[in-house]
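# A predicted structure for the sequence below; I have some questions about it.
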Amino acid sequence: MSTRGFEDGQGNPGGFPENWLHNGVNPRLQKGGTPSDERGGPWFHIRQRKHHRWSLDEAQIYQYHLAGALHPRIRWWEAIDVPRRAIEFIEVAELTVVSLVCEDLAQSDEIAALIRSVGPTVVSAILLDGPQLSSRWAARYASVLADDPGSAVLTLTSFGMVQRSRPHQREASRVIALWKDAVRGFREIPLEPGAHGVLLTVCMDRAARRSSDGRWPVDNGTYLYDAAVSQIRAASRGSKPRVSPAGASTSHLLQAGELTILTAWAEAVAEALAYAPESVESVLAEASSGAQWRDTLKVAQPSAPLGEAIDSMGRAVRAFDHPPTFDALVAALAEDRPGELELDGLVRRVVLSMLEQRRTRHVRSPW
């Protein structure tokens, strides 16, 4: 999380709130594995910027015992640039994650409307706030998203701010996070004495999707719930430094936007294979660079890396003499391939993810 300063009405600086959140995602990292595992796949990094400034009033200055640095009779505003509003959604199989930064959780604007229309599986809100108690403001706004559209919501704050938050005649709390879902309700997550972090384990289960227009409920939704909270403590002895495999690249193969486009085309291929196998070749042709529809609609042609990724997807599907069956394609894409190019491995995992997602959600598909 990046930080910026406060300023008063005359632009005089003060404390240190957040400005944007950095997310790292590894879709192939499994329980028991390590980030350095060669089979773990690449990390994708996404930056979510903050859309609303925060201000400290007199009550908050006293609550956090900041009067020694900030004059309590001045309203201190966050000294950040407010960028054009944009929200990043991360989708891995059936899991859709979106992040909000501090004050953005409490705002009702076009971003909030977009989140409700997408209905992500989980919303994580990173705060610079006091203890995450079920009686405080973050819990009220988490309940809104948990009730509609039914997302699980995790709010997380800094332990330092939790310790500084000591309202009059109240003891300091150690609750650094709050989990809220539509099924099990609230769960306060403390940082126990001697612990250096918290590991939250979650599970996904089938949920019924309902509509208000009289249609029968369909059991193809997904909901997320917390399963376990583990306190993490640093080892007394340091670990050996991890050595990257020889020749491993640390650069990004695709940017976030390019990966999103590749995923969309992979989903289109999965849909075509499910319902109209004879149209798979047409879908691959439309996805490739130079497709005429892009010029007609004035859509930019794919970048060179994205074009190569789309071509790699075509080679993976065309490796069969005829449109493959579901099980044959999944089995082929799931195989380990020693010496595989990094880009080909990325494309293979993306296509495999879309196929597995279709199999999970559509148990009775024509496959």
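On my side now, so go ahead.

# now the strands for the stretch 101-250 of the chain?
Counting by DSSP state E, counting those that start in this stretch, the stretch 101-250 of the chain has strands at residues 122-126, 152-156, 175-181, 185-190, 197-209, 218-232.

# adjacent strands (with direction) for the last one?
Sheet pairing here is set by DSSP bridges, and for strand 218-232 it gives strand 197-209 (antiparallel).

# also the first one?
Paired neighbours of strand 122-126 in the sheet (DSSP bridges): strand 95-101 (parallel), strand 152-156 (parallel).

# dump the strands of the stretch 101-250 of the chain to TSV, plus mean neighbour count.
(Each C-beta comes from the backbone N, C-alpha and C, glycine too.) Shown next, in TSV, are those (neighbours: other C-beta atoms under 10 Å):
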stretch	mean neighbour count
strand 122-126	23
strand 152-156	24
strand 175-181	23
strand 185-190	16
strand 197-209	13
strand 218-232	15
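
# closest to Met313 out of those?
Among the strands of the stretch 101-250 of the chain, strand 218-232 comes nearest to Met313, with 25.4 Å by C-beta to C-beta.

# run the chain-centre distance for that closest one.
Averaging C-alpha positions (C-alpha atoms, centre = their mean, to the nearest Å) puts strand 218-232 15 Å from its chain's average.

# just so I know, which of the strands of the stretch 101-250 of the chain lies nearest Glu340?
Nearest to Glu340, of all those, is strand 197-209, at 29.1 Å by C-beta to C-beta.

# circling back to that earlier point, adding distance to Arg49 and mean pLDDT, write the strands of the stretch 101-250 of the chain out as JSON lines.
What follows is the strands of the stretch 101-250 of the chain, written out as JSON lines (distance: least, C-beta to C-beta, whole Å; pLDDT from 0 to 100):
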{"stretch": "strand 122-126", "distance to Arg49": "12", "mean pLDDT": "91"}
{"stretch": "strand 152-156", "distance to Arg49": "18", "mean pLDDT": "93"}
{"stretch": "strand 175-181", "distance to Arg49": "22", "mean pLDDT": "93"}
{"stretch": "strand 185-190", "distance to Arg49": "26", "mean pLDDT": "92"}
{"stretch": "strand 197-209", "distance to Arg49": "24", "mean pLDDT": "82"}
{"stretch": "strand 218-232", "distance to Arg49": "25", "mean pLDDT": "80"}
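
# where does the prediction get shaky in the stretch 201-350 of the chain?
By pLDDT under 70, the low-scoring segments of the stretch 201-350 of the chain are 220, 238-252, 321, 323.

# if we can go back for a sec, Asp295 is nearest to which of the strands paired with strand 122-126?
Closest to Asp295 of the strands paired with strand 122-126, according to C-beta to C-beta: strand 95-101, at 32.3 Å.

# so how far is that closest one off the chain centroid?
Centroid separation for strand 95-101 versus its chain: 4 Å, with C-alpha atoms, centre = their mean.

# try stretch 308-319
27 Å.

# what does that stretch contact?
Contacts with stretch 308-319, where a contact means C-beta atoms under 8 Å, 6 or more residues apart in numbering, come from 253-254, 258, 262, 265-266, 269, 273, 280, 284, 287-289, 302, 324, 329, 332-333, 343-344, 346-348, 350-351.

# give me that answer again for 6 Å
With C-beta atoms under 6 Å, 6 or more residues apart in numbering as the test, stretch 308-319 has contacts from Leu262, Leu284, Ala287, Ser288, Leu343, Asp344, Val347, Val351.

# list the contacts for the third one?
Read it as Ala287. If you count contacts by C-beta under 6 Å, 6+ apart, Ala287 has them with Trp265, Ile310.

# what's the local residue count around the residue lying closest to Lys180 once chain neighbours are set aside?
Excluding its sequence neighbours, the residue lying closest to Lys180 (C-beta to C-beta, 6 or more residues apart in numbering) is Ala142, at 4.3 Å. By the criterion of other C-beta atoms under 10 Å, Ala142 has 25 neighbours.

# just checking, Ala142 touches Ser151?
No: in this structure, Ala142 is not within contact of Ser151 by C-beta atoms under 6 Å, at 9.1 Å.

# on that earlier part again, so can I have CSV of the contacts of stretch 308-319 showing secondary structure?
Shown next, in CSV, are the contacts of stretch 308-319 (DSSP: H, G, I helix; E, B strand; the rest coil):
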residue, secondary structure
Leu262, helix
Leu284, helix
Ala287, helix
Ser288, coil
Leu343, helix
Asp344, helix
Val347, helix
Val351, helix
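
# residues contacting the spatially most central residue of the chain?
Geometric centre of the chain, nearest residue: Val97, 3.5 Å, by C-alpha atoms, centre = their mean. Val97 makes contact with Ile90, Val122, according to C-beta under 6 Å, 6+ apart.

# need the pLDDT of it.
Turning to Val97, the model gives it a pLDDT of 89.

# tell me how far the residue nearest to Lys180 lies from Ser99.
According to C-beta to C-beta, to the nearest Å, Ala142 stands 14 Å off from Ser99.

# where does the closest residue to Gly119 other than its chain neighbours fall, phi/psi-wise?
Counting by C-beta to C-beta, 6+ apart, Pro149 is the residue found nearest to Gly119 once chain neighbours are left out, at 3.7 Å. Per-residue torsions, Pro149: phi -100, psi 20 (degrees, to the nearest 10).
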